[in-house]
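Student: sequence and predicted structure are below.
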Amino acid sequence: MKKTLPLCTVLLFLWTSCTKPEKEAIWFNKAIDVAAYQLEATAEELANSSLLPRSIWTGYNMDFLVRQMEQEPTCFQDSLWPNPPQEKIGQRRLCNIYDWTSGFFPGSLWYAYELTKDEKLKTLAIHYTNLLNPLRYYKDNHDIGFMINCSYGNALRLAPNDTIQSLIVEAAENLCSRFNERIGCIRSWDFGHWNYPVIIDNMMNLELLFKASKLTQKSKYADIAQQHARTTMKNHFRPDYTSYHVVSYNDDGTVESQGTHQGQNDASAWARGQAWAVYGYTVCYHETHDLDFLNEALHIADMIMQRVQTNDSIPYWDYDAPASPETPRDASAAAVTASAFLALSTQSSDGQKYFKYAESILKNLSEKEYLAAKGTNQGYILKHSVGSLPHGSEIDTPLNYADYYYLEALKRYLDMQK
Ligand code: GLY
């Protein structure tokens, strides 16, 4: 496979390496090189399939889960997903387009294309994005924002056309159909015991709505996004700015419950949830210039820097999980945080500390502990993320969204060097 960096990148880092230690350039270029190789190989391998790469199948050991949860085995009740058959473990786990993660692989291809200008990657990005076309009719959960914005949202930037615009607006309309005026939030899930569940992850779906408002010049999408963000600000956060994972509402808009689904316990700080939160409020401020959103993002960012005490800033899967060598890290939370912090660093007078923190995450993720060697890791870029530990699912494995936000952060980092 041909893998050359575009001239602008090479020049940038020739310049950078004159002013900073040469290894600055090396880690970045290696990361792009590995990412492009892994993505292109995977995309070509799966080109005749309608499925997309999501992670690697993992199993779980009950004693380990109990140690991580620090609760009785009964805490799992019916929540555990069945262990996959032994022959599946270690194999690539694929998903169809209706999976919440379906937008990330096409999105990663778009970022890899943008970073390398390799036309092959663009062709593959278009192919995998087009697979998601039936999602224009999808309304079954809030994840439509992730699915469409990461795929078609990037396509709109890098290969715009009118069809993409109308698909984005259709998807935003479908997402808005899940908004309840009285509650002031978009409903996340249609399963489970909750009356009206809203998860912190839902903050990530708002970017699609802001985009639809810009495309149509209609404020209704952005208005809904802001109402959702305000209600979430009120009910999802504890005084220390850590976030609950799931808040459920009664029909009159009062809070039914505050708890978790993927975290260690109802009061814990699930690592990816904190990352979704800082990213979401950073987007909201960028789109609205409402200082309440900026302040929320800054408070969450400061909390993250204070609470993550690992030696490399890659958090444990939950900040309240035992700080022990066996506790899995979540590279996906770190990648989302790095991308958010780079954006936040340009919006705050105190931005340098967020930039430095993001830079150190990116450098650490680009070390061999986390960055795959070419041709390994079932074609994924990063190792060591966690999907949902309380369900025994995707523990210490690559995840397509860790790769996506890592690439997004690398792209932001490159732009900021310019
Ligand atoms: N949105 C689901 C997750 O972050 O695992």
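Tutor: Nice, I can see it.
Student: C-alpha only now, for contacts and for neighbours.
Tutor: OK.
Student: mind checking the backbone torsions on Met50?
Tutor: Residue 50: Ser, not Met. phi -100, psi 10 (degrees, to the nearest 10).
Student: can you count the residues close to Tyr33?
Tutor: Rather than Tyr, residue 33 is Asp. Per other Cα atoms under 10 Å, the neighbour tally for Asp33 reads 18.
Student: so how far is Glu369 from it?
Tutor: Distance of Asp33 to Glu369, given as Cα to Cα, to the nearest Å: 17 Å.
Student: so where do the helices sit in the stretch 301-418 of the chain?
Tutor: For the stretch 301-418 of the chain, the helices defined by DSSP state H, counting those that start in this stretch occupy 331-345, 352-365, 400-417.
Student: tell me which of those helices sits most buried.
Tutor: helix 331-345 (a mean of 28; mean count of other Cα atoms under 10 Å).
Student: for Lys139, which of the helices of the stretch 301-418 of the chain is the nearest?
Tutor: With Cα to Cα as the criterion, Lys139 lies closest to helix 400-417 of the helices of the stretch 301-418 of the chain, at 21.2 Å.
Student: what angle sits between the closest one and helix 331-345?
Tutor: If you take axes from the mean of the first three to the mean of the last three Cα atoms, to 10 degrees, helix 400-417 sits at 30 degrees to helix 331-345.
Student: how far does stretch 383-393 stretch from start to finish?
Tutor: 15 Å.
Student: average model confidence for that stretch?
Tutor: Stretch 383-393 shows a mean pLDDT of 98.
Student: same deal with stretch 338-355?
Tutor: The model assigns stretch 338-355 a mean pLDDT of 97.
Student: and the contacts of it?
Tutor: For stretch 338-355, the external contacting residues (Cα atoms under 8 Å, 6 or more residues apart in numbering) are 275, 278-279, 282, 286, 297-298, 301, 357-359, 361-362, 405-406, 408-410, 412-413.
Student: same deal with stretch 300-320?
Tutor: 240-242, 263-264, 268-272, 274, 277-278, 323, 327-331, 333-334, 341, 354, 357, 360-361, 364, 385-386.
Student: returning to that earlier point: could I get the helices of the stretch 301-418 of the chain as TSV with distance to Asn141?
Tutor: Formatted as TSV, those follow (distance: least, Cα to Cα, whole Å):
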stretch	distance to Asn141
helix 331-345	21
helix 352-365	31
helix 400-417	18
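Student: quick one: which of these is nearest Leu206?
Tutor: The nearest among those, by Cα to Cα, is helix 331-345 at 14.4 Å.
Student: just the angle between the closest one and helix 352-365, please?
Tutor: Using the same axes, to 10 degrees: helix 331-345 against helix 352-365 is 150 degrees.
Student: any idea where the strands of the chain begin and end?
Tutor: Taking DSSP state E as the test, the strands found in the chain are 52-56, 92-95, 179-180, 185-186, 197-199, 246-249, 255-259, 385-388, 393-397.
Student: so which of those strands comes closest to Ile144?
Tutor: Here strand 185-186 is closest among the strands of the chain (Cα to Cα), at 11.5 Å.
Student: show the average pLDDT along the closest one.
Tutor: In this model, strand 185-186 has a mean pLDDT of 98.
Student: residues in contact with that strand?
Tutor: Taking Cα under 8 Å, 6+ apart as the rule, strand 185-186 contacts 142, 175-176, 178-180, 198, 202, 224, 227-229, 231-232.
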